[in-house]
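*Asks:* Below are the sequence and a predicted model for it; my questions follow.
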Amino acid sequence: MMEMREELLERLGLVRGRILEMKDDIAAELAGQIPAEIRVSLTAYFKAVCDYLGSCFFVLDQLGEGIFQPEGPVVSEWSSISRAQWEEINRRLYAPLTGDAYETDFSNPEQAASLGTYGEVLSFLQAEIYSFPQYLFDGNLFMIVTLSELFLEIYGKFCQDGAPAEQRIRECVVYYAEDYAEEIAGESVRASFQPEKNTLYQVLMQEDLADPVYLYKYGEYISENELRISQYLSSLPEEDIDAMARTLARGFRRGFETMRVPFDGKDRVSIRYPIGMERMVRRLVEQLRDMGLEPILNRAAGSRLNRKGVVRRGVISTPVSRQFDYDHRMDEALFLGRRYMERKLSAQRTVYESLKEELPGYAGPVWIETFGEELFLPESKEGIIRLSDEQRALSTELTGKQGQLLEGYLPGSSYSFAIISYPMPEIGDRFEEIFRDTVRINTLENDTYLPLQQMLIDVMDPADHILVEGCGENRTQMKVKMRTLRHPEKETQFENCVADVNIPLGEVFTSPVLEGTEGVLHVTGVYLNGYFFRDLELHFRDGVITDYRCGNYEDPEAGRNYIRENILFHFDTLPIGEFAIGTNVPAYRMAKKYDILGKLPILIVEKTGPHFAVGDTCYSHSEETAVFNPDGKEIVSRENTFSLLRDKEPEKAYFNCHTDITIPYEEIGRIAAVYPDGSSTDLIRDGRFVLPGTEGLNRDS
């Protein structure tokens, strides 16, 4: 290891020297045979990348080469850097993507079009290089050297060949992806399950959280959101911080009891949180340690070799540019092939095998979400790298095999999770009021909701189907097929969900029978997987999507592509994995009070009305684990015709996605249980609970 480190340090010195020296020579070195119409743009491109890498090397000088010591960076050694210097470091690292800068950056596909046929590859290269900050602050010498060498290799092709064939440049990226898939994928798996005192841990547990300078030491983009939420939490009394953390810690521990997962032997927990929430998270770590759990902290994937669309999980900050993330969501199209897939799976399998003695100690993830960002409607651009039909099939195959691989080493029935959500300052001038009300929503009493939700379940259990009808502009007309309970005295179809793993409380849900479930699901506006959908309409027959459309774009086909990429995740269709009725009217009233319904996360929105999830069921990979309600009845609706294939055709059983689509109360005309004899009982009418005994759910608190 020491010899490899010395070799990498030597290579770093060489690439750094070359990059810092080449800027003034680029125009002359590129003169050759490059067509005049793209020569100016290519020169500007390589100068821009040199400038950015120069900024990264400037930051390296500030941090000191001690970041590359074998045990990793020691954050306390950065104490001599002033706040003004930290602000300058952060500005330099993220300047190309902040404000309007992205519009003229070559990572923008529209700007990259000026590079001719090289545009796609060079835009990808620049986007990949923008993951440099996390490598710097983690002391990841391997990735710093590897990316620098990739840049110089591609630049060298232009210097040597004048106008190299576009395929030769693309091959550099393919070889990069295939050669390093094992290193990058393997390290990602290892970091997800092994606690270590990395940079993130040191900032969270050792820095002075009263001094906002600590935020910059993550190396992530720091905006007003992070600064303001940190400042706000610093103003709260210790008992409030303790209560916020305890709500999440207790919910996580209660999940093991609810799902009957053994807790004995668990010794580690993954903590995912937004930067700025450290005061609460530090207390959460202390409470989880009281349970015997050590924290695992890692970053959202930076490299396009590891990222999945626009999903960001881990210790995260506000996205620098959401359009940038959207434009590069399918960059793997440049290198995704069967060879790459096999190398990635092989690396992950090797690491899982090396960790097989440790993995049973994994307790699961504890997750803090944020909400409140401005609604984002991505621009659909020409020139965006897109997966081919063959690659879409390969991508879904890879996702399925990764799920099977993980399930083989760490069954979903062997761990739990917990998730909670808080607003970010971007939500508006009433941020502090909204934050306080969110805390109230998150801490509603289980004992109040449990019996009321049970009344709903008791009426729906004997139904043949549930009828869901919209009102006003909402065109929903859904028939949701139910099972026939063989032993109704000890079986139920719906889970009575209060505040354990899924905070806040407030829903009853089931996995419906697909055959016979049909109709139209429509929502006038909804925020899903980070994107806003206007006039979303899904059609179902026998429980699977048969058609879909939305009103986001004038071109209907653009809208269909938007849905296919961000709800169907490139599958031709998805089944309904869940039908639920949210009962948390206080959360809905809060959203209406502050006019933030469109900004609430799924976690809260799903409790504010009936919802349907497309994708896997809530019991994905755990269908054989018996689950019981507090009344002792077993929840038997854990399967559907897809998950039943898990033994004979596992590649068809799961989709590894689950997207909740909620219809607000005000758009609901009627929800009724319809029985085999044709009679019915209304549960909700005109947006209000009308089942006798459940009227208390309509209250504001």
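*Replies:* Nice, thanks for sending it over. Numbering: from 1, shown residues only.
*Asks:* So what's the residue count around Pro488?
*Replies:* 13 (other Cβ atoms under 10 Å). (C-beta placed from N, C-alpha, C; glycine too.)
*Asks:* Excluding covalently adjacent residues, which one is nearest to it?
*Replies:* Counting by Cβ to Cβ, 6 or more residues apart in numbering, the nearest residue to Pro488 once its immediate chain neighbours are dropped is Asp461, at 6.4 Å.
*Asks:* buried set for stretch 10-22?
*Replies:* Arg11, Leu12, Val15, Arg16, Arg18, Ile19, Met22 (16 or more other Cβ atoms under 10 Å).
*Asks:* and of those, the nearest to Pro73?
*Replies:* Leu12 (15.4 Å; Cβ to Cβ).
*Asks:* surely the closest one meets Thr146?
*Replies:* No. Between Leu12 and Thr146 there is no contact under Cβ atoms under 8 Å: 10.4 Å.
*Asks:* What segments of the stretch 201-350 of the chain are strands?
*Replies:* Ranges of strands in the stretch 201-350 of the chain, per DSSP state E, counting those that start in this stretch, are 268-274, 294-296, 315-316.
*Asks:* what about those, which gets the closest to Leu645?
*Replies:* strand 268-274 (29.5 Å).
*Asks:* Could the C-alpha coordinates of the closest one be exported in PDB?
*Replies:* Taking Å, rounded to 0.1, in the frame of the first residue of the first chain, the C-alpha atoms of strand 268-274 are listed here in PDB:
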ATOM      1  CA  ARG A 268     -23.700  -0.100  13.000                       C
ATOM      2  CA  VAL A 269     -26.200   2.300  11.400                       C
ATOM      3  CA  SER A 270     -26.000   4.400   8.200                       C
ATOM      4  CA  ILE A 271     -26.900   8.100   8.900                       C
ATOM      5  CA  ARG A 272     -28.000  10.200   5.900                       C
ATOM      6  CA  TYR A 273     -28.600  13.900   6.500                       C
ATOM      7  CA  PRO A 274     -28.500  17.400   5.000                       C
END
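*Asks:* Please enumerate the helices of the stretch 501-650 of the chain.
*Replies:* Counting by DSSP state H, counting those that start in this stretch, the stretch 501-650 of the chain has helices at residues 556-566, 585-594, 602-605, 650-653.
*Asks:* Select, out of those, the one closest to Arg83.
*Replies:* helix 585-594 (32.9 Å).
*Asks:* on that earlier part again, quick one, which of the helices of the stretch 501-650 of the chain gets closest to Thr43.
*Replies:* Of these, nearest to Thr43 by Cβ to Cβ is helix 556-566, at 34.3 Å.
*Asks:* what's the offset of that closest one from the middle of its chain?
*Replies:* 20 Å (Cα atoms, centre = their mean, to the nearest Å).
*Asks:* got CSV for the helices of the stretch 501-650 of the chain, with mean pLDDT and mean neighbour count too?
*Replies:* Converted to CSV, the helices of the stretch 501-650 of the chain look like this (pLDDT from 0 to 100; neighbours: other Cβ atoms under 10 Å):
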stretch, mean pLDDT, mean neighbour count
helix 556-566, 91, 16
helix 585-594, 90, 20
helix 602-605, 83, 24
helix 650-653, 82, 16
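*Asks:* Include distance to His621 when you put those into CSV, please.
*Replies:* Below are those laid out as CSV (distance: least, Cβ to Cβ, whole Å):
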stretch, distance to His621
helix 556-566, 23
helix 585-594, 29
helix 602-605, 20
helix 650-653, 9
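*Asks:* Relative to Ser620, which of those is closest?
*Replies:* The nearest among the helices of the stretch 501-650 of the chain, by Cβ to Cβ, is helix 650-653 at 8.9 Å.
*Asks:* which residues make contact with the next helix or strand along the chain from that closest one from outside it?
*Replies:* Counting by DSSP states H and E, the next helix or strand C-terminal to helix 650-653 is strand 658-662. Contacts to strand 658-662, defined as Cβ atoms under 8 Å, 6 or more residues apart in numbering, come from residues 521, 523, 526, 528-529, 536, 538, 567, 577-578, 580, 582, 602, 605-606, 608-618, 620.
*Asks:* next one: stretch 122-134
*Replies:* By Cβ under 8 Å, 6+ apart, stretch 122-134 touches 45, 48-49, 52-53, 56, 59, 93-94, 96-97, 105-109, 112, 115, 140, 143-144, 147, 150-151, 154, 169, 173, 219-220, 299, 302-304, 324, 328, 331, 334, 385.
*Asks:* and if you look at stretch 395-406?
*Replies:* Against stretch 395-406 from outside (Cβ under 8 Å, 6+ apart): 308, 332, 336, 341, 344-345, 348-349, 352, 387, 569-571, 621, 650-651, 654-656.
*Asks:* in the stretch 451-600 of the chain, which ranges drop under the pLDDT threshold?
*Replies:* Within the stretch 451-600 of the chain, the stretches with pLDDT under 70 are 499.
*Asks:* hmm, 90 instead?
*Replies:* 497-506, 525-532, 554, 565-566, 569-571, 584-589, 591-592, 595-600 (pLDDT under 90).
*Asks:* for the stretch 51-200 of the chain, same thing?
*Replies:* 65-66, 69-72, 99, 159-165, 179-188.
*Asks:* Buried ones among the contacts of stretch 395-406?
*Replies:* 308, 332, 336, 341, 344-345, 348-349, 352, 387, 569-571, 621, 654-656.
*Asks:* re earlier: between the helices of the stretch 501-650 of the chain, which one is nearest to Phe431?
*Replies:* Judging those by Cβ to Cβ, what sits closest to Phe431 is helix 585-594, at 9.7 Å.
*Asks:* Helix or strand: which one has Ile144?
*Replies:* Going by DSSP H and E, Ile144 is in helix 141-161.
*Asks:* Which strands and helices lie in contact with the next helix or strand after that helix?
*Replies:* Moving toward the C-terminus from helix 141-161, the next helix or strand (DSSP H and E) is helix 166-193. Contacts defined by 3 or more Cβ pairs under 8 Å, 6 or more residues apart in numbering; DSSP states H and E place helix 166-193 against helix 119-129, helix 141-161, strand 268-274, strand 294-296, helix 338-354.
*Asks:* Which of those sits closest to Asp686?
*Replies:* strand 268-274 (37.5 Å).
*Asks:* What pLDDT is listed against Asp700?
*Replies:* The model reports Asp700 with a pLDDT of 64.
*Asks:* go on, Gly13?
*Replies:* pLDDT, Gly13: 94.
*Asks:* who are the neighbours in contact with it?
*Replies:* Applying Cβ under 8 Å, 6+ apart, no residues contact Gly13.
*Asks:* Ala558 versus that one, what's the distance?
*Replies:* Distance of Gly13 to Ala558, given as Cβ to Cβ, to the nearest Å: 48 Å.
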